[in-house]
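Asker: sequence isn't available, so here's the structure alone:
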């Protein structure tokens, strides 16, 4: 599985490098009275990270919450259960 991940990562990097090579142009972004000139690959990388980072942080937070829940459930399940005590009013 590690080899497959490494191959896919290498392919993604190669595709990004090809994109950078063929699209090295300026993009003018107008934000009201301000204007920003940025290279197209930097804009694409920024947009990717703007979507990926919050999603990844939510994923990490939910994993840690599930790990805490699982640890609590395992602790509860490992505690010995005492047998029920007979009711003294019912015994003669």
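Answerer: Cool, got the structure. Computed from a prediction, not measured in an experiment: that's the story for all the values here.
Asker: what's residue 30 sitting at in phi/psi?
Answerer: Backbone torsions of residue 30, given as degrees, to the nearest 10, read phi -100, psi 120.
Asker: whoops, I mixed them up, residue 52
Answerer: phi -80, psi -40.
Asker: what is the burial count for it?
Answerer: 10 (other Cβ atoms under 10 Å). Just so you know, the C-beta spots here come from the backbone N, C-alpha and C atoms, and that holds for glycine as well.
Asker: mind checking pLDDT for it?
Answerer: According to the prediction, residue 52 has pLDDT 96.
Asker: could you say which helix or strand holds residue 44?
Answerer: helix 40-78 (DSSP states H and E).
Asker: and what of residue 29?
Answerer: strand 26-31.
Asker: and that strand, what does it pack onto?
Answerer: Counting contacts by 3 or more Cβ pairs under 8 Å, 6 or more residues apart in numbering; DSSP states H and E, strand 26-31 packs against strand 34-39, helix 40-78.
Asker: could I get these as JSON lines with distance to residue 15?
Answerer: Below are the helices and strands packed on strand 26-31 laid out as JSON lines (distance: least, Cβ to Cβ, whole Å):
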{"stretch": "strand 34-39", "distance to residue 15": "17"}
{"stretch": "helix 40-78", "distance to residue 15": "11"}
